[in-house]
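> turn this into a model:
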Amino acid sequence: MRKFTILFLLLLSPLTLAETPPSVPFSVLEERQRPADHFTQGLYFDGQRWWESSGLYGRSWLAEYSDPGASPLRRKWLAENRFAEGLTVFGDRLYLLTWKAGEVQIYRAADLSPLGLRRYAGEGWGLTSDGEHLIMSNGSGKLTFRDPETFAVLRSVEVHGGGEKWKWLNELEYANGLIWANIWQDSRLIAIDPKSGEVRGLIDLKQLTPSLHHPDAVANGIAWDRVRNGLWVTGKYWPKLYLIRPHGLGFAPRSKSAPAKSTAPGN
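Coordinates of the predicted model:
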């Protein structure tokens, strides 16, 4: 019996190790206050301006800020039968998904003037870009790569790894060659290889989650800060944005001259 147990463990261990993505610690570089009434769906930062989408029927909007704690520079309210979802900026255009309407709305990023829309089948959840394609989630475990001009599907990948069946992939952000994804109703972010769909690592934002006792106050919203090489993260109804820097996965280690709060798994 002992020999059988040892053999079983030897056979199992390599498989388990191969399937388990690392839990990545991170440092908190900055916190910013913001209004706590945003049902955040999409978030984007270009180094100077912020764009955010907030959902719910009859209350959905798209806004541009110079400071996320101040009033928006511009805000577009969606029709009452449109539920705003993820967004991204590609070139001089901003693309905004809708949940069940099957349309991506296109705006001029400079002034949020409408430029038209494209159609897609199914639900829209998260959206990002790798600089060549638009990348979309629909609440499943699949990501689709789409043509920025036509929004046609070019290819898709099934997200896998870690011994889990991934689903409910939500807000997306492309940073340092990986796709970062929120998972609806989960405090974890996962980093996904865009070619294979393999989960390369995960970050748990549980310690940043406010105690709001609201079922919808979940982590959602990721924006890459290229200059500071970090990720701005927040959630629905969260009163703060946090700039975090993962310790790995393409992000430089924290400088000794710039102290920051370190958050390691289990702390």
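> what is the mean pLDDT for stretch 191-205?
On average, the pLDDT along stretch 191-205 is 96.
> so how far is the first residue of that stretch from its last?
Stretch 191-205 has its terminal residues 14 Å apart, counting by Cα to Cα, to the nearest Å.
> any chance you could list what contacts it?
Residues outside stretch 191-205 that contact it (Cβ atoms under 8 Å, 6 or more residues apart in numbering): 21-24, 26, 130, 135, 143, 145, 157-162, 166, 174, 177-181, 187-190, 219, 233, 235, 244, 246, 248-249, 265. C-beta here means a position set from N, CA and C on the backbone, and glycine is covered the same way.
> and the residues you listed, which of them are buried?
Neighbour-count burial (16 or more other Cβ atoms under 10 Å) applied to the contacts of stretch 191-205 gives 21, 24, 26, 135, 143, 145, 157, 159-162, 166, 174, 178-181, 187, 189-190, 219, 233, 235, 244, 246, 249.
> low pLDDT regions in this structure?
Residue ranges of the chain with pLDDT under 70: 1-19, 253-267.
> show me the helices in it, by range?
Along the chain, the segments classed as helices by DSSP state H run 2-19.
> do I have it right that T88 meets D130?
No - if you go by Cβ atoms under 8 Å, T88 and D130 don't touch, sitting 10.1 Å apart.
> just the ones in strands from the contacts of stretch 191-205, please.
Per DSSP state E, strands hold the following members of the contacts of stretch 191-205: 26, 135, 143, 145, 157-158, 174, 178-181, 188-190, 219, 233, 235, 244, 246.
> give me phi/psi at D37?
Dihedral pair for D37: phi -110, psi 20, per degrees, to the nearest 10.
> spit out the contact partners of the residue lying closest to L29 once chain neighbours are set aside.
Among residues not flanking L29 along the chain, L243 sits closest, at 4.4 Å (Cβ to Cβ, 6 or more residues apart in numbering). Contact analysis of L243 by Cβ under 8 Å, 6+ apart lists V28, L29, E30, E31, R32, D225, R228, G230, L231, W232.
> since that was my last question, I'll sign off now.
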